[in-house]
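>>> Have a look; sequence and predicted model below, questions after that.
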Amino acid sequence: MTRHQAPSEAIVVNPGESIQKALDAATSTTGKYVLVKAGLHTFPATLRIPSGVTLAGEGLSTVLFLDPSSGAREAMINADADAHDITIRDLVIEASSKTEIPQDPNSSRSYRGGYNRGGILFRAELEGQMKRISLINLTIRNATYSGVCISGAAGVTVTGCDLSENGANPPPGPKLVHNLLLTHCSGVKVTASRLVNSPFGCGLALDHCTDANIANCEISRNGYYGILVTESSAVSAQGCLIEANDFSGIMAEFLSKGNEGLQFTGNRIQYNNGFGVEAYAVKGLKASGNAYEGNGRGPAQEKISPEKIYVTG
């Protein structure tokens, strides 16, 4: 993570102090910047993030942990349905039910944890109601629910983030929670991020989104598709490594109206159990310049079909 210089007027939170009180206080200050210092920060209830605030840590040494005894699921939610101009950066959200690393790390993997916990859930009541949400240099790990779920936002930026081991099998069930899930969003940019190792979900799922660009990301070893695009338009992916996902590397699925204006170009797509690119009834699809190797469904390693077929995995 890149260290970011906090402004001099930032509200500083040391381990043991209340992050929520600092966030609430920031809404009445000119700086609207909360700096969470290095250390483990255990908080008693889901953090409600107000508009116009930057919440920043000091990199991997700043670990945020929702107390399991709270009974809450998400570490963070939006304070208001019309949330806007929120930046969260340079910190770790540990979504496991404990912070200690066991002698055998595999014993504590999220799908074995028996808990239902998520990372960030920002949800609006109307499409485009939230505006300008930025996630920068975040690590979010070990959530059985989605690592990040944003619904109803215009202007979503995900840069330099590491989302791993999120999206297991609590309700609503496997294949419905992911490392990164964006629904009814527009103006999306996902750049230079790792979206990996979801036990039962995708690295990235876009549902009813428009104007979304995914660039220079690693999207690997996920239990479902690498990238899943559903009922969306003007979505592009380029310069990504899409590798060793349990289903196809990229899936553009058809539900009712289908996708439109998709471009998948210049990606390295390899060793996925399904096709490199799989698409159904897409209007205006460009899939070119991708380097395929070792994908598992047919010599062409892609399936581009005009059929309006709903694929069940």
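That came through, no problem.

>>> Outline the domain layout of the protein.
9-85, 119-313 (automatic domain parsing).

>>> Find the helix or strand that Leu23 is a member of.
Taking DSSP states H and E as the definition, one finds Leu23 inside helix 19-26.

>>> cool, and Gly261?
Going by DSSP H and E, Gly261 is part of strand 260-265.

>>> Just list what the very next helix or strand once past that strand packs against, helices and strands only.
Using DSSP H and E, the helix or strand that follows strand 260-265 in sequence is strand 268-270. Packing partners of strand 268-270 (3 or more CB pairs under 8 Å, 6 or more residues apart in numbering; DSSP states H and E): strand 241-243, strand 291-293. The C-beta positions use only the backbone N, C-alpha and C, and glycine is treated the same way.

>>> Looking at the ones you listed, which is nearest to Ile120?
strand 241-243 (23.4 Å; CB to CB).

>>> coming back round to it: would you mind finding the most buried of the domains of the chain?
domain 119-313 (a mean of 21; mean count of other CB atoms under 10 Å).

>>> So for that domain, mean pLDDT?
Mean pLDDT, domain 119-313: 96.

>>> Now do that domain: distance to the chain's middle.
9 Å (CA atoms, centre = their mean, to the nearest Å).

>>> residues in contact with the nearest residue to His41 once chain neighbours are set aside?
Closest residue in space to His41, ignoring its immediate chain neighbours: Leu64 at 5.1 Å, by CB to CB, 6 or more residues apart in numbering. Counting by CB atoms under 8 Å, 6 or more residues apart in numbering, Leu64 makes contact with 19, 36, 41, 43, 47, 57, 75, 91-94.

>>> how far away is Leu64 from Glu58?
12 Å (CB to CB, to the nearest Å).

>>> Can you work out which residues contact both of these two?
Shared contacts of Leu64 and Glu58, counting by CB under 8 Å, 6+ apart, come down to 36, 91.

>>> Tabulate the helices and strands packed on strand 268-270 (a markdown table), appending distance to Lys131.
Output for the helices and strands packed on strand 268-270, formatted as a markdown table (distance: least, CB to CB, whole Å):
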| stretch | distance to Lys131 |
| --- | --- |
| strand 241-243 | 30 |
| strand 291-293 | 37 |
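
>>> that older thread, would TSV of the domains of the chain with distance to Tyr111 be doable?
Below are those laid out as TSV (distance: least, CB to CB, whole Å):
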stretch	distance to Tyr111
domain 9-85	16
domain 119-313	4
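
>>> Of the ones you listed, which is nearest Ile101?
That would be, of the domains of the chain and by CB to CB, domain 119-313, which comes in at 10.9 Å.

>>> circling back to that earlier point, what is the helix holding Leu23 packed up against?
Helix 19-26 is packed against strand 11-13, strand 33-36, strand 39-43, strand 47-49, with contacts defined by 3+ CB pairs under 8 Å, 6+ apart.

>>> any idea which helix or strand comes after the last one?
The reference is to strand 47-49. Next in sequence after strand 47-49, counting helices and strands by DSSP H and E, comes strand 54-56.

>>> Partner strands of that following strand and their direction?
Here strand 54-56 has these sheet partners by DSSP bridges: strand 33-36 (parallel), strand 84-94 (parallel).

>>> Can you tell me what sits against the shortest one?
Same thing as strand 33-36. Residues from elsewhere that reach strand 33-36, judged by CB under 8 Å, 6+ apart: 6-7, 9-13, 19, 22-23, 26, 53-58, 62, 64, 91.

>>> Let's see that with 7 Å instead.
With CB atoms under 7 Å, 6 or more residues apart in numbering as the contact definition, strand 33-36 has outside contacts at 6-7, 9-13, 19, 22-23, 26, 53-57, 62, 91.

>>> Which pLDDT value goes with His4?
71.

>>> Please disregard the earlier target; I meant Pro105.
69.

>>> One more: Val53?
Predicted confidence (pLDDT) for Val53: 96.

>>> Tell me the spacing between it and Leu64.
According to CB to CB, Val53 stands 15 Å off from Leu64.

>>> just Thr99 next, same as before
Counting by CB to CB - Thr99 and Leu64 are separated by 10 Å.

>>> repeat for Val13
Val13 is 10 Å from Leu64, where distance means CB to CB.

>>> quick one on the thing from earlier: could you dump the contacts of Leu64 to CSV with pLDDT?
Below are those laid out as CSV (pLDDT from 0 to 100):
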residue, pLDDT
Ile19, 98
Val36, 98
His41, 98
Phe43, 97
Leu47, 98
Gly57, 97
Ala75, 98
Leu91, 98
Val92, 98
Ile93, 98
Glu94, 97
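
>>> Among the residues you listed, which one sits closest to Ala234?
Distances from Ala234 to the contacts of Leu64, taken by CB to CB, are shortest for Ile93, at 29.9 Å.
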